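[1] Mind folding the following:
(one chain, ligands or ions: 1)
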Amino acid sequence: MRVLVLTGAGVSAESGIPTFRGKDGYWRNLDPTKLATPEAFARDPQLVWDWYRERRQGIRNARPNAAHEAIARLAHQTEEFLLVTQNVDDLHARAGVAAEKMVQIHGDIFVTRCTRCEFSYPGRGGSPEPPGTCVVQPTNERLRSIAATSERDLNIPTCPKCQAFMRPSVVWFGEQLSQGELLRVEDFLDGGACDVVIVAGTTATFGYIIDWALRGSRDGAELVEVNPEETPLSRFATRLMREPAAIALPRIVDEVLV
Ligand SMILES: [Zn+2]
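    Residues are numbered from 1 along each chain as shown. Now for the predicted structure:
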């Protein structure tokens, strides 16, 4: 049995992690699609870090739901399995999907990496903020003005190797996906057609999600879409489950594992 699972924000939304789209995603009246950008970080790294620290804490307080647990069961009980998730949280890992069976294509929110060199603090969901986190003195005019106008300390982690600012190791809008992670997906797809492909909780707005789903399900595999809404992938699916992931996934996994 060879299985590919693709997941998106809808799977974590049922654990209370707000999605980027829609009112719930707004933070301090700011649009997350504008905060999760290299431009926003260059303009106001403190603001972007404040947002990510809150998101990290929200994720630490959340628990995997029935969808995460069903996918972990599938990962354990199939010979060849890959989960590709757009989610940067650690809920799939906490449900028990091993790192080697999972690709976080948009990065890992708990990893903090240098903006200049290769240094990073590894992410562990429950861990405290990295030790590099410290209050730094505003080093240039722009940051001094941020500190002055907002009357707040600059609290941005700096790299212990090169002193550059550090950032969350996630893929922001307008950035490239990691070549290493892309290769892991390609290797799996090259390894043979799947028996089942499940796409859950993603609006499939990124072309690569559709591409992987179609390549994984070549040669007649079942392509299951789990999403309460119609998506660009829906017309290719051989089975549509118009339900929340936490309802549909335990059922579809039971069927696959029969
Ligand atoms: Zn560095």
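
[2] From what I see, Arg215 and Gly191 are in contact.
    No. Contact criterion CB atoms under 8 Å: Arg215 and Gly191 do not qualify, at 11.4 Å. C-betas here are computed from N, CA, C, even on glycine.

[3] When the two are compared, which one has more neighbours?
    Neighbours per residue (other CB atoms under 10 Å) separate Arg215 from Gly191, with Arg215 holding more: 17 against 11.

[4] Tell me how far that one lies from Gln163.
    Separation of Arg215 from Gln163 (CB to CB, to the nearest Å): 43 Å.

[5] Excluding chain neighbours, what is closest to Arg2?
    Distances taken as CB to CB, 6 or more residues apart in numbering place Glu80 nearest to Arg2, at 4.3 Å, with adjacent residues excluded.

[6] For the chain, just list every one of the helices.
    In the chain, helices defined by DSSP state H lie at 9-13, 32-35, 38-43, 45-61, 66-77, 91-95, 141-150, 179-190, 207-216, 245-256, listed in chain order.

[7] Turn those helices into CSV, including distance to the ion and mean pLDDT.
    Below are those laid out as CSV (distance: least, CB to the ion, whole Å; pLDDT from 0 to 100):
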stretch, distance to the ion, mean pLDDT
helix 9-13, 30, 95
helix 32-35, 23, 86
helix 38-43, 15, 94
helix 45-61, 14, 89
helix 66-77, 33, 98
helix 91-95, 26, 96
helix 141-150, 18, 56
helix 179-190, 19, 97
helix 207-216, 29, 95
helix 245-256, 38, 97
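
[8] most tightly surrounded among these?
    Across the helices of the chain, averaging neighbours per residue (mean count of other CB atoms under 10 Å) puts helix 9-13 on top, at a mean of 24.

[9] Run through the stretch 101-250 of the chain and note the low-pLDDT ranges.
    123-154 (pLDDT under 70).

[10] Which stretches in it count as strands?
    102-104, 107-114, 120-121, 166-170, 196-200, 222-226, 239-241 (DSSP state E, counting those that start in this stretch).

[11] what's the spacing between the shortest one and its chain's center?
    With CA atoms, centre = their mean, to the nearest Å as the basis, the distance from the averaged C-alpha position of strand 120-121 to the chain average is 18 Å.

[12] What of stretch 220-236?
    Distance, centroid of stretch 220-236 to centroid of chain: 20 Å (CA atoms, centre = their mean).

[13] what's the answer for stretch 231-248, then?
    Its chain's C-alpha centre and that of stretch 231-248 lie 20 Å apart, by CA atoms, centre = their mean.

[14] So what touches it?
    Residues outside stretch 231-248 that contact it (CB atoms under 8 Å, 6 or more residues apart in numbering): 7, 10-11, 14, 65-67, 199-205, 209-210, 213-214, 217, 222-229, 251-252.

[15] just stretch 19-37 next, same as before
    9-10, 12-13, 18, 40, 47-48, 51, 54, 170, 172-174, 203.

[16] and stretch 225-236, which residues are buried?
    Neighbour counts over stretch 225-236 (16 or more other CB atoms under 10 Å) mark Glu225, Val226, Asn227, Thr231, Leu233, Phe236 as buried.

[17] So which of the residues you listed reach the ion?
    Among the buried residues of stretch 225-236, no residue sits close to the ion (CB under 5 Å from the ion).
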